[in-house]
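Chemist: structural data only, the sequence is not supplied:
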């Protein structure tokens, strides 16, 4: 199991934040806060013409209906405890009336 999935499972168990891979089915999105994760790219290391060391890019997107530094800190604490170095960005999605806080990092396959 990936570290990202382990972190999100713990996030759900401790803080009750639901998550899904890529998206929730239409009409099944839970009330905020919620999260989605995906593996949009790889940054593999090659040797002798093969993938020698597979590395996945991971995105965890945290959605909230208002700025929620406490929930962000909770997720960041879990990422840090898992030894995950992440980059963070944020955007307001006007059409959804939600904040998206994006955590990007890489993990070994």
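Modeler: Cool, the structure landed. Remember, it's a predicted structure, so these values are computed and weren't measured experimentally.
Chemist: tell me which element residue 8 is part of?
Modeler: Using DSSP states H and E, residue 8 sits within helix 3-15.
Chemist: so which elements touch that helix?
Modeler: Using 3 or more C-beta pairs under 8 Å, 6 or more residues apart in numbering; DSSP states H and E, the elements in contact with helix 3-15 are strand 18-21, strand 34-38, strand 55-64, helix 69-81, strand 98-108. C-betas here are computed from N, CA, C, even on glycine.
Chemist: would you quantify the distance from residue 68 to residue 88?
Modeler: 14 Å (C-beta to C-beta, to the nearest Å).
Chemist: so for residue 5, which of the helices and strands packed on helix 3-15 sits nearest?
Modeler: strand 34-38 (7.2 Å; C-beta to C-beta).
Chemist: contacts for the helix or strand just after the closest one, please.
Modeler: Downstream of strand 34-38, the next assigned helix or strand under DSSP H and E is strand 45-47. Strand 45-47 is contacted by residues 51, 52, 53, 55 when judged by C-beta atoms under 8 Å, 6 or more residues apart in numbering.
Chemist: and for stretch 56-76?
Modeler: Under C-beta under 8 Å, 6+ apart, the answer for stretch 56-76 is 2, 4, 7-8, 11, 14-15, 17, 32-43, 86, 88, 96-109.
Chemist: okay, now the closest residue in space to residue 105 that isn't next to it in sequence: neighbour count?
Modeler: Spatial nearest neighbour of residue 105, chain neighbours left out: residue 86 (4.3 Å); criterion: C-beta to C-beta, 6 or more residues apart in numbering. By other C-beta atoms under 10 Å, 18 other residues sit near residue 86.
Chemist: got the contact list for residue 86?
Modeler: 76, 79, 103, 104, 105.
Chemist: can I get these in a markdown table with distance to residue 64 and pLDDT?
Modeler: Shown next, in a markdown table, are the contacts of residue 86 (distance: C-beta to C-beta, whole Å; pLDDT from 0 to 100):
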| residue | distance to residue 64 | pLDDT |
| --- | --- | --- |
| 76 | 14 | 97 |
| 79 | 17 | 97 |
| 103 | 13 | 98 |
| 104 | 18 | 97 |
| 105 | 20 | 97 |
